[in-house]
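1. coordinates only, sequence not included:
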Ligand code: ADE
């Protein structure tokens, strides 16, 4: 999968892209991330990429020409590559959107800076707008990295474990069960016996129930869209009844 990132801060991407799982994915050509500096397409002598807003008011606005020039010269004039603007005004990113976007062979990501971008970029260049949550950052660079990370780990081979992304919190619509590793006891705190039993069927059952319990307690809103079996529904009822009787 290919990502073309358009930013005024290209340097912030490399420490993260050159680490751990994403670095390995890039080395193995499972993903390719090209980071383009919008400033390189600013035609003025001083490579100006922002200007004062028409109508006055505070802050600066990202100019339309350098962004169009950058995106069009990298993607070509007519393309069906999604062009995503990272902005707090976009649809809120989640696992479902990551799964939708991983179907694309190539994505363009535009990182907004300053107070905002000239509206004509939104209207005539961008095909999708994504926010990573209801808070405002200084720019779209961290959000772009978050998209790249969440999408890349869904690509087959990126995680060492072939089922790696399958049991994730959110992939089935439920939160993940609790994890433990050695030692079996730390400061008197043990590990649930069942995990040491070697009985895989029982362990699976316990994990599913823990996922249901956690989701019910922490994010009951997720249950509405989760993929639940008959036995999950029975279990949920049992857990809910326990709560009411305690
Ligand atoms: N740029 C600034 N804040 C943002 C957010 N929450 N999501 C995406 N892009 C942003």
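-> Thanks, I have it. A quick note: this is a predicted structure, and the numbers were derived from the prediction, not measured. Numbering: from 1, shown residues only.
2. got a list of contacts for the helix ranked longest in the chain?
-> Longest helix of the chain, by residue count under DSSP state H: helix 200-218. Contact with helix 200-218 is made by 172, 174-178, 192, 194-195, 197, 222-223, 226, 232, 235-236, 239-240, as judged by C-beta atoms under 8 Å, 6 or more residues apart in numbering. Quick note: C-beta positions are derived from backbone N, CA and C, even for glycine.
3. Check stretch 178-198 too.
-> By C-beta under 8 Å, 6+ apart, the surrounding residues in contact with stretch 178-198 are 202-203, 206, 210, 214.
4. Quick check: ChimeraX command selecting the buried ones in those residues.
-> If you want just the buried ones from the contacts of stretch 178-198 in ChimeraX, going by 16 or more other C-beta atoms under 10 Å, the selection is:
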select :203,206,210,214
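5. Same list, the contacts of stretch 178-198, but as CSV with pLDDT please.
-> Below are the contacts of stretch 178-198 laid out as CSV (pLDDT from 0 to 100):
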residue, pLDDT
202, 98
203, 98
206, 98
210, 98
214, 97
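6. Please name the strands paired to the longest strand that the chain contains in the sheet, noting orientation.
-> Determined from DSSP state E, the single longest strand within the chain is strand 83-92. Partners of strand 83-92 in the sheet, by DSSP bridges, are strand 106-111 (parallel), strand 128-131 (parallel).
7. Got the confidence number for residue 167?
-> For residue 167, the pLDDT comes out at 67.
8. Just the buried positions in stretch 62-77, please.
-> By neighbour count with 16+ other C-beta under 10 Å, stretch 62-77 contains the buried residues 62-64, 66-68, 70-71, 74-75.
9. I meant stretch 165-174, not that one.
-> Going by 16+ other C-beta under 10 Å, stretch 165-174 has these buried residues: 165, 168-174.
10. how about the residues of this structure near the ligand?
-> Within the chain, the positions near the ligand by C-beta under 6 Å from any ligand atom are 86-88, 112, 131-133, 135-137, 139-140, 143.
11. ok, and the most crowded of those?
-> residue 140 (30 neighbours; other C-beta atoms under 10 Å).
12. contacting residues around that one?
-> 7, 85-87, 109-113.
13. can you check residue 42 too?
-> If you count contacts by C-beta under 8 Å, 6+ apart, residue 42 has them with 48-49, 63, 65-66.
14. and which of the residues you listed is nearest to the ligand?
-> For the contacts of residue 42, the residue nearest the ligand by C-beta to the nearest ligand atom is residue 49; the value is 16.0 Å.
15. Surely the closest one and residue 40 touch.
-> No - using C-beta atoms under 8 Å, residue 49 is not in contact with residue 40, being 10.0 Å away.
16. More neighbours: which of those two?
-> Comparing residue 49 with residue 40 by other C-beta under 10 Å, the one with more neighbours is residue 49, at 22 against 13.
17. next SSE after the longest helix of the chain?
-> helix 230-245 (DSSP states H and E).
18. tell me the average confidence for that following helix?
-> 94.
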